[in-house]
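Undergrad: I would like the atomic coordinates for the input below:
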Amino acid sequence: MIHSTAIIQPGAQLADNVTVGPYTVIGEHVVIGSGTTIASHVAIEGWTEIGCDNQIFQFSSIGAAPQDLKYAGQETYLKIGDRNRIREFTTLNRGTAEGGGLTSVGNDNLFMAYSHVAHDCIVHDHAILANGATLAGHVEVESSAILGGLIAIHQFCRIGCHTMISGGSMVNQDVPPYTIAQGDRAKTVGLNLVGLKRRGFSEETIRGIKKAYRMIFRSGLRLEEALKKIDVDIERSPELDHFVNFIKDSQRGIAR
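TA: Numbering: from 1, shown residues only. Predicted coordinates for the structure are as follows:
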């Protein structure tokens, strides 16, 4: 299953049914799980661990050194879960010693062509990074977020679960769960109601999220006042708790 022109460095660990295409280079510290297919002209290097049944397309760069001037060759890591699709010219970099040493990618994500995941990022599950979407260092993308084409996320920002960010947006603050954001210095413009319904959120849960959203983004209340009113006026659910806690924990402020 390994093409004769591929270069697999001694020390690399590949499961028996991994497929490797022509002219691909795999470094000595790489571990690749069963069922993963790697196309031609792919570079996989560094301390990189890739799970099972991933599809890695041609000309992508996986596990290269972080693009950080402080990086001095330390042993840092990239870990990728299962069933991810990594399209052409995607770049996923390892972590930095100062940032915890790990870039982490979960399961069932789609990284479209030319998308970029920088050092020390965390991408959870079922996320989509469209063509040219770029994550700076230390960004966290929660599950089922959709990032449109040609967007850029500032370092240390968090993108909440089930969000949708419109193409071309520049994001420099946290985007709360379940919302839609857009624009240069992106702002929240509404709830991702279609996405929530498609993913099986109950009507009762959606009503609670709607009420909380209106209090925070449409009532004119100060953020602290809105959060207190939510605690008193709205019946809680795990989804609403996550929405509120995400906002309370924000370090960069929310794209309000």
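Undergrad: wait, a strand at Ile230?
TA: No. Per DSSP: H, G, I helix; E, B strand; the rest coil, Ile230 lies outside any strand segment and is helix.
Undergrad: quick one: contacts for it?
TA: Ile230 makes contact with Lys211, Ala212, Met215, Ile216, Leu240, Val244, according to CB atoms under 8 Å, 6 or more residues apart in numbering. Bear in mind the C-beta positions are built from the backbone N, C-alpha and C, glycine included.
Undergrad: quick check, pLDDT for the most centrally placed residue in the chain.
TA: By CA atoms, centre = their mean, the chain has its centre lying nearest to Val123, at 3.0 Å. Note for Val123: predicted pLDDT of 99.
Undergrad: was I right to think it contacts Asp108?
TA: No. Applying CB atoms under 8 Å as the test, Val123 and Asp108 come out as separate, 10.8 Å apart.
Undergrad: and stretch 106-123, how far from the chain's centre?
TA: Distance, stretch centre to chain centre, for stretch 106-123: 5 Å (CA atoms, centre = their mean, to the nearest Å).
Undergrad: closest to Lys79 out of the contacts of Ile230?
TA: Val244 (30.0 Å; CB to CB).
Undergrad: these two touch, right, the closest one and Tyr213?
TA: No. Applying CB under 8 Å, one finds Val244 not in contact with Tyr213, separated by 10.9 Å.
Undergrad: which parts of the stretch 51-200 of the chain are helices?
TA: Assigned by DSSP state H, counting those that start in this stretch, the helices in the stretch 51-200 of the chain fall at 193-198.
Undergrad: I'd say Val105 and Arg83 touch.
TA: No. Applying CB under 8 Å as the test, Val105 and Arg83 come out as separate, 11.1 Å apart.
Undergrad: ok, the two, which is more surrounded?
TA: The neighbour comparison of Val105 against Arg83 (other CB atoms under 10 Å) goes to Val105, with 25 against 17.
Undergrad: give me the pLDDT for that one.
TA: With respect to pLDDT, Val105 has a value of 99.
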